[in-house]
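> Let me see the structure of the following:
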Amino acid sequence: MLGLKQNKKGFTLIELIVVIAIVGVLAAVAVPSYIAYIDKSRAAADSYTLGELNEATRVYYAEAPSPNPFELSSSTNATLMQALVGKGFFTEAPVPKQADVAFTWDFNSKVWLLSADTASAHVLTVPETTLGSGGHAGYLLNYSGTDTQILIPNKIGNVSVTTLYQNAFANKGLTSVTFPADSSITHIHARAFDKNNLTEITLPSSLKYLDYGAFWNNNNLTKVTIGSGVTLQGQVFQNNDKFNAAYAAGGAGTYIYTSGQWVKQ
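The predicted structure follows:
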């Protein structure tokens, strides 16, 4: 009896190339989505921890310790964290899940903030900035540096920075802007940070005026922390005035842009 002839033909080179190409396309689609999911999870975890820090600190204040380290400007963030650990609010000092951010105590607004880690931020200096003089003393007119993670100090050279002028940081590819707790900035002019890649901003508690289009065209800017009593001169964020309405209703705090709306945390 004749046996059946078996077909032992394997994959051709073209078939293997097609399979590899398909796998590559799937990976190109899946990996960024996975990374974005992880980033959102870490951001959510940090927001939750930030809430716990502020709640624990409120309870700490209620116990009226004397001296209160949260009122001493010489206290570091590490010292304040250990004060909360010592009282049993945490077993160890909380550490952000996101990279290049830190939990920072703001002595002016008396809240914990989640801001860019100033250790990794570039501090602006005189050669890369243009400063005003005369009637524009204290104005930062232009940034010509190449660093994309920057810290705007209280002073540049011997000049106290009080105002960021229009277009001063426009189209510089910035991914992070940080202000120190002792910032003296009271006014950010129109389009000062237009056309950058900021995803969040913690405005200085000294700020009083924020002008039209100051943060336009930062298309992924979805988190803003702002102090009290800031005058918003027209549309500031995301090319609409919905932030203005949310801020008028909610006051100082952190706002998240979601589903076309600004919502206070």
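> Domain boundaries for this structure, per the record?
Taking automatic domain parsing as the criterion, the chain consists of the domains 13-98, 122-264.
> What ranges in the protein fall below the confidence cut-off?
Low-confidence segments of the chain, defined by pLDDT under 70: 1-11, 27-37, 100, 108, 116-120, 239.
> how close does Ser47 get to Val101?
Noted for Ser47: a distance of 11 Å to Val101, by CB to CB, to the nearest Å. (Glycine included, C-beta is placed from N, CA and C.)
> related to what we said a few turns ago, and among the domains of the chain, the most buried is which?
domain 122-264 (a mean of 17; mean count of other CB atoms under 10 Å).
> Please, which helix or strand holds the nearest residue to Asp39 once chain neighbours are set aside?
Distances taken as CB to CB, 6 or more residues apart in numbering place Gln98 nearest to Asp39, at 7.5 Å, with adjacent residues excluded. Under the criterion DSSP states H and E, no helix or strand holds Gln98.
> before we move on, the earlier item: reformat the domains of the chain as a markdown table; add distance to Trp105.
Below are the domains of the chain laid out as a markdown table (distance: least, CB to CB, whole Å):
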| stretch | distance to Trp105 |
| --- | --- |
| domain 13-98 | 5 |
| domain 122-264 | 8 |
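> For Asp106, find the nearest of these.
domain 122-264 (5.6 Å; CB to CB).
> Give me the residues contacting the host helix or strand of Leu113.
Counting by DSSP H and E, the element that carries Leu113 is strand 111-116. Residues outside strand 111-116 that contact it (CB atoms under 8 Å, 6 or more residues apart in numbering): 46-47, 50, 53-54, 57, 96, 100-106, 149, 151, 176-178, 202, 225.
> Asn54 in helix, strand or coil?
Following DSSP: H, G, I helix; E, B strand; the rest coil, Asn54 is assigned to helix.
> State the number of residues packed around the nearest residue to it once chain neighbours are set aside.
Sequence neighbours aside, Trp112 is the residue nearest to Asn54 in space, at 5.2 Å (criterion: CB to CB, 6+ apart). Neighbourhood size, Trp112 [other CB atoms under 10 Å]: 25.
> Report the beta-bridge partners for Trp112.
Under DSSP bridges, the beta-bridge partners of Trp112 are Trp105.
> do you know how far it is from Glu63?
17 Å.
> Please apply the same query to Thr130.
Thr130 is 49 Å from Glu63, by CB to CB.
> residue contacts, the most centrally placed residue in the chain?
Taking CA atoms, centre = their mean, the centroid of the chain lies closest to Glu200, which sits 3.4 Å from it. Taking CB under 8 Å, 6+ apart, we find Glu200 in contact with 221-225.
> and those as JSON lines, adding secondary structure and distance to Gly157?
Output for the contacts of Glu200, formatted as JSON lines (DSSP: H, G, I helix; E, B strand; the rest coil; distance: CB to CB, whole Å):
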{"residue": "Leu221", "secondary structure": "coil", "distance to Gly157": "30"}
{"residue": "Thr222", "secondary structure": "coil", "distance to Gly157": "35"}
{"residue": "Lys223", "secondary structure": "strand", "distance to Gly157": "32"}
{"residue": "Val224", "secondary structure": "strand", "distance to Gly157": "29"}
{"residue": "Thr225", "secondary structure": "strand", "distance to Gly157": "28"}
